[in-house]
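Visitor: Turn this into a model:
(chains A, B, C and D)
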2 protein chains.
Amino acid sequence: MELPIKISKDSREPIYHQIVNQFKALIAGGQLPTGTPLPSIRALSKDLEISIITTRRAYQDLEVQGFIKTLQGKGTFVAELADDLKQEVKVSSVHKIMENAINTAINYDYNLEQIKDIFLEILHTYPKGKGDN
Amino acid sequence: MELPIKISKDSREPIYHQIVNQFKALIAGGQLPTGTPLPSIRALSKDLEISIITTRRAYQDLEVQGFIKTLQGKGTFVAELADDLKQEVKVSSVHKIMENAINTAINYDYNLEQIKDIFLEILHTYPKGKGDN
DNA sequence: TATACTGTGTATATAAACATATACACTATA
DNA sequence: TATAGTGTATATGTTTATATACACAGTATA
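Guide: Next comes the predicted model:
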């Protein structure tokens, strides 16, 4: 599987944190089941064009948070996680980032109707995926 | 006017950058017209419970980007900005953060229909403001 | 009109967080 | 046992945030 990990070096969010968030999403979202091997820190570093240490830092964070397990010399794998915990992470993370987007739009003096229109317009530019009804 | 500047110390986004973004929103959104005095770096530092230097850093960034003018000993004021430039900042900033929210939701394996429902549900929890129709 | 005071922004030195290059150690296998 | 894969540790530079001391502008008042 080709991992859809994308980072932005221009963003003010630390690179290691962008990586952590995206793996959390893939794991909590169920796209990476228990036991799935993650890319090696070298492979991911090369892919994202960042340092090995930064990738390692991200994997360490994910391990501390219980999302993955690392085995020296062997690799890094998705850890076992309770389904309700995954669901909790999924719901709260998306909720939080949606609120953040709305708050920013309000700060820019858009009203609720305008915010709805803008959001739907952007959403319509996304191609329908296989999971969509 | 009571400025609605809010920062999160837990966020991974640098504090000075949070401040910059929010002032950009207020200025580009037209809520702070040309010449409006900003709070002094000390007043804002005290209000947000952060260091003077961090506030200053934010104001310096805003000045470099042309949003404000600082006069030593006098204070800091909203600079003159072309309306179409304000509009451009407004549209692109909101567009960007909306896309970011959608991309995160997709990473968590929500489909487009679900994303729309979640967004509208959250939007409905916001009170209607005076600018709303 | 001198000067003290209180407001404003500014500069220097220091600590913590983030990102890196380089060298090291463990695991599997040809 | 050599080699190519994995994760790990040490030393270093950059970015972010801070405390403290400094300089300029306006004003009250002796």
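Visitor: Could you pull up the contacting residues of A:Glu13?
Guide: By C-beta atoms under 8 Å, 6 or more residues apart in numbering or on different chains, the contact set of A:Glu13 is B:12-13. For every residue, glycine as well, the C-beta is placed using N, CA and C.
Visitor: hmm, the helix or strand A:Ile118 falls within touching chain B?
Guide: Here A:Ile118 sits within helix A:112-123, counting by DSSP states H and E. Yes: residues of helix A:112-123 are located near chain B by C-beta under 8 Å from any C-beta of the partner chain, namely A:112-113, A:115-116, A:118-120, A:122-123.
Visitor: Ramachandran coordinates for the residue most central in space within chain A?
Guide: The centroid of chain A falls nearest to A:Gln22 when counting by C-alpha atoms, centre = their mean (1.7 Å). The phi/psi pair for A:Gln22 (degrees, to the nearest 10) reads phi -70, psi -40.
Visitor: Could you identify the longest helix within chain A?
Guide: helix A:83-107 (DSSP state H).
Visitor: helices or strands up against it?
Guide: Packing partners of helix A:83-107 (3 or more C-beta pairs under 8 Å, 6 or more residues apart in numbering or on different chains; DSSP states H and E): helix A:15-28, helix A:112-123, helix B:15-28, helix B:83-107, helix B:112-123.
Visitor: which other helices and strands contact the helix holding A:Ile118?
Guide: helix A:83-107, helix B:83-107, helix B:112-123.
Visitor: And the helices and strands packed on helix A:83-107: which comes nearest B:Thr70?
Guide: Smallest distance to B:Thr70 across the helices and strands packed on helix A:83-107 (C-beta to C-beta): 12.7 Å, for helix B:15-28.
Visitor: near DNA strand C at all, the closest one?
Guide: No: using C-beta under 7 Å from any atom of the strand, we find that helix B:15-28 stays clear of DNA strand C, coming within 11.6 Å at best.
Visitor: Give me the mean pLDDT for the next helix or strand after that helix.
Guide: Later in the chain than helix B:15-28, the nearest helix or strand by DSSP H and E is helix B:41-48. When pLDDT is averaged along helix B:41-48, the result is 96.
Visitor: Helix B:41-48 and DNA strand C, any residue contact?
Guide: Yes: counting by C-beta under 7 Å from any atom of the strand, DNA strand C is contacted by helix B:41-48 at B:41-43.
Visitor: Which of these ranks first by neighbour count?
Guide: Within the residues of helix B:41-48 next to DNA strand C, most neighbours by other C-beta atoms under 10 Å in any protein chain shown means B:Ile41, with 20 neighbours.
Visitor: wait, doesn't that residue sit right on B:Leu62?
Guide: No: applying C-beta atoms under 8 Å, one finds B:Ile41 not in contact with B:Leu62, separated by 11.6 Å.
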